[in-house]
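>>> My questions are about this predicted structure, shown below with the sequence.
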Amino acid sequence: MKYSANIYARALVAALDDRPEEAAKIKDRFLAVLKKAGDSRGLQAIVTEAEKLLVKKNGGRKIIIESPRPLSSKNLEALQHSFSSKDRIETVLTPSLVAGVRVTIDGEWTIDATLKGKLQKLFVKN
Amino acid sequence: MDILVSHMSYDIIEKLKKEIEGFKDEPKLEATGQVVEAADGVVKISGLAKVMSQEMITIETDEGDVQAVAFNLEETMVGAIVLGDFSYIKTGNTVKLTGQVLAIPVGKEMVGRVVDSLGRPVDGKGPIFGANVKPQYYSVEKKAPSVLARESVNTPLHTGIKAIDSMIPIGRGQRELIIGDRQTGKTSIAIDAIINQQNDTRQRTPICIYVAVGQKQSNIVKVVKTLEAAGAMNYTVVVSAPASSSASLWYLAPYAGCAIGEYFMDQGEDALIIYDDLSKQATAYREISLLLRRPPGREAYPGDIFYLHSRLLERAAKMNKEHGGGSLTALPIIETQLGDGSAYIPTNVISITDGQIYLESDLFYQGIRPAVNAGLSVSRVGSSAQTKAIKKVAGKLRLELAQFRELQAFVQFGSDLDEATRKKIARGQLITEILKQSDGAPVSFEKQTIIFYAALKGYLDQVPIEKVRATEGKLIDYFEKLHEGDILKPIRESGDLAEAVEEKLKKALEQFLVTAK
């Protein structure tokens, strides 16, 4: 890519900040810029970065909750109460976790309460 | 039999049950990251907020965990070099910190073994450390000993090679570079130096570490077999990073070998480490740096290429008594291209080391082997690390050779020269012949004393040049059989040529010349 995903994301967020009323036009122009630079394939990574920046700008965090099966509404509500209203929560299904949940915060911190994690630690220990 | 098997299964199940019941794991907040880019043995990771430079990290892949080392700590990314199989790594893989900088297990159990750059055995002889042994871990990157912890180099390290021990003496704790083109005998000198350590009974035998960087596996096997046949593997560790391994392992191998050497030095022992060769390590470091997008400098090497070698070689030292009195002697090898010793990497390493042994292809093809250019070779430690016996007899060797080189152009005019010049030329030719030595046949220092004494005191002046090597062989044989107790042993034990022994030596040489006729 001509520029890193982070740089593209920062430019997009800054443009949206300057003219929030032209959000749709900015989006179209941004896609055109990406196409011209030949960096359209990095769009997913740029969107992820932009999301992170926007959430951080609003004083929140990006929370990803992974579980092997869809969480019940009761469990999901309990988890959501652990975080602030400014946090952006996303749930992901990862069957390989076997049981439990894994929570990732801002892509940098993880709490692993899954059976897969416990089994890995058990076998490493032995 | 069925009862026995079911009894064993029951025991195993009970054991596992106890382990699982006793297992306690509280979920805690861990710093993690995600692989964003993976190519050519290098990965880019987002996250890992608290990663340290050179920290070991674990990449969780579908085929199991792969180890890597955090190398580049950038603003939003971490660049890491992969130590395992990077074909398993995919983008999106989770990365976890281990909290430890790169370290390898070290211990006396490593002696006689062949290990890789991470200290894992590769010789098929099973684990190095027993189940009940907890090995020490030494950091691969470590600060060199301070000035105050060191003392001057004052103990000789005999290589068993006449040209080196007489004119370019090496001491324990010194760094002496072996430099030359391909196929000039650099590795042979290093291997002979290792083999000769068992012949030097006056000093404690140093633990030898041979680091093979980027060599063919067949060459490494050959070296190990040569050392085994000579009985040298009893005190040698081989660190192998063959040509088929990744650039990361080539880069780490010399540091891993140095960590092993430092372990023995810290125990108060002497160690000898050979880096064969550092040119390949520089190439690997260049490859890693370019993949990590570090700015290239001269010849595309990164800006800290000097530091790569200087921090490695500074760890070789002679420690003072307060710090154990051990030593680590380094013999780095550098390969030049077309004899160009003024290229970038060779000049860097020459400026770091305490001298160099220059090998030339021209001398090699003329039959002068080892192909040491005595004029360009130097040992900055010099005679302070030379055995008294050799110093006494070989003191004028360098001067005589230098004078011979000056007069060599006149050799073709043999009949038109005065007597003194003809004598100097003859003496120079004799010395050149004496300094030739076969591969894999190191000569102990007491025998070298005899040979140099005979050559420089004129005892061999009447021997035709083409018969000098054979006569030398007969001379050593004669002394081994008839004068082991009264001449060789006193020199070997005292390290000096006492007057009484010298008198016996003169008589023995005269007797030899009579019998040799």
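Cool, got the structure.
>>> CA only for contacts and neighbour counts going forward, please
OK.
>>> ok, which stretches of the stretch 1-150 of chain B are helices?
For the stretch 1-150 of chain B, the helices defined by DSSP state H, counting those that start in this stretch cover B:2-22.
>>> Would you mind listing what in it touches chain A?
Residues of the stretch 1-150 of chain B that fall close to chain A, judged by CA under 8 Å from any CA of the partner chain: B:20, B:23, B:25, B:27-34, B:46-49, B:76.
>>> If you count neighbours, what's buried in the helix-or-strand element of chain A with minimal mean pLDDT?
Within chain A, no helix or strand scores below helix A:115-125, which has a mean of 75 by mean pLDDT, DSSP states H and E. Of the residues in helix A:115-125, A:Leu115, A:Lys116, A:Gly117, A:Lys118 count as buried by neighbour count, 16 or more other CA atoms under 10 Å in any protein chain shown.
>>> could those be laid out in TSV, adding distance to A:Ile65?
Shown next, in TSV, are these (distance: CA to CA, whole Å):
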residue	distance to A:Ile65
A:Leu115	15
A:Lys116	15
A:Gly117	15
A:Lys118	17
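>>> Which of the helices and strands in chain B ranks last by mean pLDDT?
helix B:2-22 (a mean of 72).
>>> Please name the residues that touch B:Ile487.
B:Phe479, B:Val501, B:Lys504, B:Leu505 (CA atoms under 8 Å, 6 or more residues apart in numbering or on different chains).
>>> Would you mind measuring from it to chain A?
To chain A, B:Ile487 is 61 Å away according to CA to the nearest CA, to the nearest Å.
>>> So that residue lies in a strand, does it not?
No - B:Ile487 sits outside any strand when classified using DSSP: H, G, I helix; E, B strand; the rest coil, being helix.
>>> Dihedrals phi and psi, B:Ile191?
phi -70, psi -40 (degrees, to the nearest 10).
>>> Next, count neighbours for it.
22 (other CA atoms under 10 Å in any protein chain shown).
>>> quick one, what contacts it?
B:Ile191 neighbours (CA under 8 Å, 6+ apart): B:Val223, B:Leu227, B:Gly440.
>>> Averaged pLDDT, stretch B:79-99. What do you get?
Mean pLDDT, stretch B:79-99: 91.
>>> now swap in stretch A:14-25 and tell me
So the average pLDDT for stretch A:14-25 ends up being 88.
>>> What's the end-to-end length of that stretch?
14 Å (CA to CA, to the nearest Å).
>>> Quick one: low-confidence residue ranges for chain A.
A:123-126 (pLDDT under 70).
>>> Apologies, that question was intended for the stretch 301-450 of chain B.
Applying pLDDT under 70 to the stretch 301-450 of chain B flags residues B:410-415.
>>> would you list every one of the helices in it?
Under DSSP H, counting those that start in this stretch, the stretch 301-450 of chain B gives helices at B:305-313, B:344-352, B:361-365, B:388-394, B:397-407, B:419-435, B:445-456.
>>> So which of those is the most surrounded?
helix B:445-456 (a mean of 23; mean count of other CA atoms under 10 Å in any protein chain shown).
>>> Please name every helix or strand in contact with it.
helix B:388-394, helix B:419-435, helix B:468-482, helix B:489-494 (3 or more CA pairs under 8 Å, 6 or more residues apart in numbering or on different chains; DSSP states H and E).
>>> Apply 10 Å and report the result again.
helix B:162-167, helix B:388-394, helix B:397-407, helix B:419-435, helix B:468-482, helix B:489-494, helix B:499-516 (3 or more CA pairs under 10 Å, 6 or more residues apart in numbering or on different chains; DSSP states H and E).
>>> what does the third one contact?
Same thing as helix B:397-407. Where contact means CA atoms under 10 Å, 6 or more residues apart in numbering or on different chains, the residues beyond helix B:397-407 that reach it are B:163, B:166-168, B:374-375, B:391, B:408, B:410-411, B:421-432, B:452, B:455-456.
>>> and if you look at the second one?
The contact list for helix B:388-394, computed with CA under 10 Å, 6+ apart, reads B:156, B:162, B:165-167, B:169, B:383-386, B:395, B:397, B:445-457, B:491-492, B:494-498.
>>> switch the cut-off to 6 Å
B:Ser166, B:Thr449, B:Tyr453, B:Gly495, B:Asp496, B:Leu497 (CA atoms under 6 Å, 6 or more residues apart in numbering or on different chains).
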